[in-house]
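In: Give me a 3D structure for the following:
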Amino acid sequence: MNKSAKIYVAGHRGMVGSAIVRRLKREGFENIVTRTSRELDLRRQDEVEQFFYREKPEYVFLAAAKVGGILANNTYRGEFLYDNLMIEANVIEASRKYGVRKLLFMGSSCIYPKLAPQPLKEEYLLTGPLEPTNEPYAIAKIAGIKLCDAYRSQYGCNFISVMPTNLYGPNDNYDLQNSHVLPALLRKFHEAKINEEKEVVIWGTGSPLREFLHVDDLADACLFLMEKYDEPGLVNIGTGKDISIKDLALLIKNIVGYEGEIVHDLSKPDGTPRKLLDVSRLNKMGWKAKIGLEEGVRGVYEDYGGL
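Out: Numbers count the residues shown, from 1 in each chain. So this is what the prediction gives:
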């Protein structure tokens with residue numbers, strides 16, 4: 001990409017989008033176009049059409065999405081499916097119609113079957129049933145991947161898809177009702193420490209294994225792929241390492257400096273038993289994650305300790 005190229009980052013105020021904007025600016029890209037959801041409702045086709053007609057961006061990072069953890073995914077099933085389908089369909093179609101040179105679509109590792117072999121290879125997509133709690137979100141993201149591939153096949157569009165693992169970092173969501181596990185645990189332990197509570201309750205058995213990627217590493221990988229990758233299909237983005245929820249809780253407890261006990265609420269779901277991405281494809285292209293989990297979480301807590 002030329003440094004003067006016009007780049008539209010959809011979802012620039014979210015954790016992923018804001019990290020991509022920071023990464024682009026650090027690399028010297030200044031012609032970055034953004035809109036808040038109030039200024040541009042990506043679920044509305046007419047608004048998206050008018051925006052692309054006026055702005056005509058050359059490159060698009062599609063990081064806008066309705067996101068949340070297990071509770072939010074399972075509670076707002078219709079919203080998660082509808083909103084994400086509309087967002088991706090409108091942006092991808094407008095990108096085709098108004099001549100976007102390249103688009104990067106952001107998926108999620110929840111697209112893979114619940115009981116797929118581990119680690120998760122890109123070719124495991126659509127080989128088995130999904131995790132029921134986040135099936136609507138996963139189906140929407142799968143549709144986005146297939147839409148990019150279909151537009152590449154039919155129209156010759158250079159649209160690519162990436163699948164990040166679980167993310168954390170600046171601008172994360174710390175709402176206990178709809179956040180992901182890592183920020184939820186950070187907030188729980190922080191508040192328990194401040195309030196001198198004797199115990200922190202975590203959902204499930206703590207046995208599920210999860211992989212966590214710092215969002216700044218994801219942004220770096222996205223820029224790398226936007227400049228280097230031009231093929232159909234999807235590319236996993238992760239660290240290639242996982243950790244149990246119980247061990248993650250212990251790590252966060254130590255970083256926060258909380259001295260109470262950890263209690264498991266066995267009435268709450270564990271979700272998928274294990275979710276580790278096979279990142280060999282990306283590694284072979286020449287990219288690897290740089291930020292270790294303890295280093296990353298410690299940095300997030302030091303910068304955002306007030307949550």
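In: can you pull the buried residues of stretch 151-162?
Out: 151-152, 157-162 (16 or more other C-beta atoms under 10 Å). The way it works is simple: take the backbone N, C-alpha and C, and place the C-beta from them, glycine included.
In: How about stretch 51-62?
Out: So stretch 51-62, judged by 16+ other C-beta under 10 Å, has buried residues 51-52, 57-62.
In: Show me those that map onto helices.
Out: 51-52 (DSSP state H).
In: Can you tell me which of the buried residues of stretch 51-62 is closest to Glu93?
Out: Phe52 (9.2 Å; C-beta to C-beta).
In: how much space between Arg298 and Pro183?
Out: 14 Å (C-beta to C-beta, to the nearest Å).
In: So between these two, which is more surrounded?
Out: Pro183 (24 against 16; other C-beta atoms under 10 Å).
In: so what's Ile237 bridging to?
Out: Pro164 (DSSP bridges).
In: just checking, next helix/strand downstream of the helix or strand of the chain with the lowest mean pLDDT?
Out: Lowest on mean pLDDT, DSSP states H and E among the helices and strands of the chain sits helix 70-75, with a mean of 73. The first helix or strand that comes after helix 70-75 along the chain, using DSSP states H and E, is helix 77-97.
In: For that following helix, which outside residues touch it?
Out: Contacts with helix 77-97, where a contact means C-beta atoms under 8 Å, 6 or more residues apart in numbering, come from 10, 42-45, 48-49, 51-52, 60, 62, 64-66, 68, 72-73, 103, 105, 134-137, 139-141, 143-144, 147-148, 151, 155, 157, 159.
In: now swap in stretch 231-240 and tell me
Out: So stretch 231-240 is in contact with 107, 109, 119-122, 125, 145, 148-149, 152-153, 160-165, 211-213, 217-218, 221-222, 225, 229, 276-283, 289, 293, going by C-beta under 8 Å, 6+ apart.
In: pLDDT on it, on average?
Out: What stretch 231-240 shows for mean pLDDT is 96.
In: So what's the gap between that stretch and the chain middle?
Out: 13 Å (C-alpha atoms, centre = their mean, to the nearest Å).
In: Can I get that stretch as PDB, trimmed to CA atoms?
Out: Only the C-alpha atoms of stretch 231-240 are listed here, as PDB (Å, rounded to 0.1, in the frame of the first residue of the first chain):
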ATOM      1  CA  GLU A 231      -5.400 -15.600  -2.000                       C
ATOM      2  CA  PRO A 232      -8.900 -17.100  -1.400                       C
ATOM      3  CA  GLY A 233      -9.700 -18.900   1.900                       C
ATOM      4  CA  LEU A 234      -8.800 -17.700   5.300                       C
ATOM      5  CA  VAL A 235      -5.700 -17.200   7.400                       C
ATOM      6  CA  ASN A 236      -5.500 -18.000  11.200                       C
ATOM      7  CA  ILE A 237      -3.900 -15.400  13.400                       C
ATOM      8  CA  GLY A 238      -2.800 -16.400  16.900                       C
ATOM      9  CA  THR A 239       0.100 -17.300  19.100                       C
ATOM     10  CA  GLY A 240       0.000 -21.100  18.700                       C
END
